[in-house]
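S.K.: Structure, please.
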Amino acid sequence: MHAVARLATTAAAAATLLATMTLPGDTTRAPERDENRVLVFSKTAGFRHDSIPDGIAAVQALGKQHGFTVDATEDAAAFNDKRLARYAAVVFLSTTGDVLHPAQQQAFERYIARGGGYVGVHAAADTEYDWPFYGGLAGAYFQSHPAVQPATVRVEDRAHPATAHLAAAWDRTDEWYNYRSNPRTRAHVLAALDETTYSGGTMRGDHPIAWCQEYRGGRAFYTGAGHTRQSFADPAFRTHLLGGIRWATGAAQADCRPETGYRALFDGTSARGWKQAGPGSFTLEDGTLTSSGGMGMLWYAVREFGAYSLKLDWRMSGADGDDNSGVFIGFPPSDDPWSAVNNGYEIQIDATDAPDRTTGSVYGFQAADTEARDAALNPPGEWNTYELRVEGERLRVHLNGRKINDFTNTDPARSLRQGHIGIQNHGDEDRISFRNIRVKEYATAAKGGR
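M.R.: Below you'll find the model as predicted:
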């Protein structure tokens, strides 16, 4: 990796330097993509933010700290097949207006189709209004904004690397954009503004401000924050930006499919409706349930479920990945945790056991697709998201948005058609954390019990 040129300290000097900076030279052969290289693009054809030099310096510092190289340019000539092929992601840093001509736009579309990453920061939504592909990639276009002021951001996804470090409420000062459309049905919303905490919001109480999506072959992350120079000195915002870059480059995994219609079974404030079966327990702190002791199980005793999608976020704490836990489904009500083992199914969390007893397996019955699982799995210390989709006797397991198991029950002593949900606390040395347990039920729930 080569060193990135040092930016001048003043905005004027930085702008001059960026306008004349050249990217690595062309070769006779298109270079292979460097998964550890990112391009920051900050050309403006409209309003120019004075925070752009601070943003470039922040991304460069993040690259130095976390092992990726950063090139910066305002030269749209970088948008050709050969040069774009070098980069794992392109950061549109408060770009404005029409910054690419048609041939450059087509090159960027091909780059995304080949698996490239996009990171949009703040005024990236105020860019390329006449290019529908870009509007879909960014997720929404800018409409208006009130004055810079404090507001509360409600973090909806605390598993994504861009938001996992944040509390459920994030108070900060910025210039809060209103958007021409709501991206919620097309993208996965990570955080939304609470319009009751500031003045000038126009999105009728549903105001996404950060989101992600897989888009036409590539990955796209957008954050509406980042107007002020102070933003790029804020550790919480820098980690937010870093997480978006890591996801866009493929260095971290997350479920970025649109998510609507779910209701919370555990929302982080209390474990109301849940009961402990057997020894051990779960502690509740910072919206997180963490296992202790065992072998026991915390189960949702309020009701059984039929056809549904269950989503929950989980994290291993041990550096060796040998923590053991699982999610139980399809079992009858009981204060004996072995009832779930003997009458239901466990979707395992343990990366070091036999194939039919590792993460993503239906424990003891069917191994996960290990290649798909390994590609989707974040390491210990980072959050992962399960989706367990049950329809009739069929169970599909998604890890961070990728299907890793497809199992059909044929055991007459068990049934997935109706049952309870639980999370396991396995033993004294096992520490698994869970967040944001939610369910979406389907009208096609099978009639009758087990």
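
S.K.: Give the helix, strand or coil label for the spatially most central residue of the chain.
M.R.: Residue closest to the average C-alpha location in the chain (CA atoms, centre = their mean): residue 160, at 3.2 Å. Following DSSP: H, G, I helix; E, B strand; the rest coil, residue 160 is assigned to coil.

S.K.: from what I can see it touches residue 254, true?
M.R.: Yes - with contact defined as CB atoms under 8 Å, residue 160 reaches residue 254; the gap is 4.4 Å. For glycine as for every other residue, the C-beta is placed from the backbone atoms N, C-alpha and C.

S.K.: can you list residues touching both of these two?
M.R.: 212, 247 (CB atoms under 8 Å, 6 or more residues apart in numbering).

S.K.: From residue 333, how far out is the residue nearest to the centre of the chain?
M.R.: 34 Å (CB to CB, to the nearest Å).

S.K.: for residue 88, same thing?
M.R.: On the measure of CB to CB, residue 88 and residue 333 end up 49 Å apart.

S.K.: got it, and residue 208?
M.R.: In terms of CB to CB, residue 208 sits 38 Å off from residue 333.

S.K.: So for the two, which residue has more residues nearby?
M.R.: residue 208 (22 against 13; other CB atoms under 10 Å).

S.K.: Could you pull up the residues touching that one?
M.R.: Counted by CB under 8 Å, 6+ apart, residue 208 has contacts 140, 179, 182, 183, 184, 187, 189, 191, 192, 193.

S.K.: Double-check that it belongs to a strand.
M.R.: Yes - Residue 208 forms part of a strand when assessed by three-state DSSP.

S.K.: In space, what's closest to it - neighbours in sequence excluded?
M.R.: residue 189 (4.4 Å; CB to CB, 6 or more residues apart in numbering).

S.K.: didn't that neighbour look like it was pressed against residue 182?
M.R.: No - with contact defined as CB under 8 Å, residue 189 does not reach residue 182; the gap is 9.0 Å.

S.K.: Give me the more crowded residue out of these two.
M.R.: residue 189 (25 against 17).

S.K.: which stretches of the stretch 1-150 of the chain form strands?
M.R.: Using DSSP state E, counting those that start in this stretch, the strands found in the stretch 1-150 of the chain span residues 34-41, 69-73, 87-93, 117-121, 142-144, 149-155.

S.K.: what's the closest of those strands to residue 212?
M.R.: strand 117-121 (9.7 Å; CB to CB).

S.K.: Who are the packing partners of the closest one?
M.R.: Packing partners of strand 117-121 (3 or more CB pairs under 8 Å, 6 or more residues apart in numbering; DSSP states H and E): strand 87-93, helix 132-138, strand 218-223, helix 235-249.

S.K.: elements contacting the second one?
M.R.: Applying 3+ CB pairs under 8 Å, 6+ apart, one finds that helix 132-138 makes contact with helix 102-113, strand 117-121, strand 218-223.

S.K.: Select, out of the ones you listed, the one closest to residue 249.
M.R.: Per CB to CB, nearest to residue 249 of the helices and strands packed on helix 132-138: strand 117-121, 5.2 Å.

S.K.: which other residues reach the closest one?
M.R.: With CB under 8 Å, 6+ apart as the criterion, strand 117-121 contacts 55, 88-94, 112, 137-139, 215, 218-223, 225-226, 241, 244-245, 248-250.
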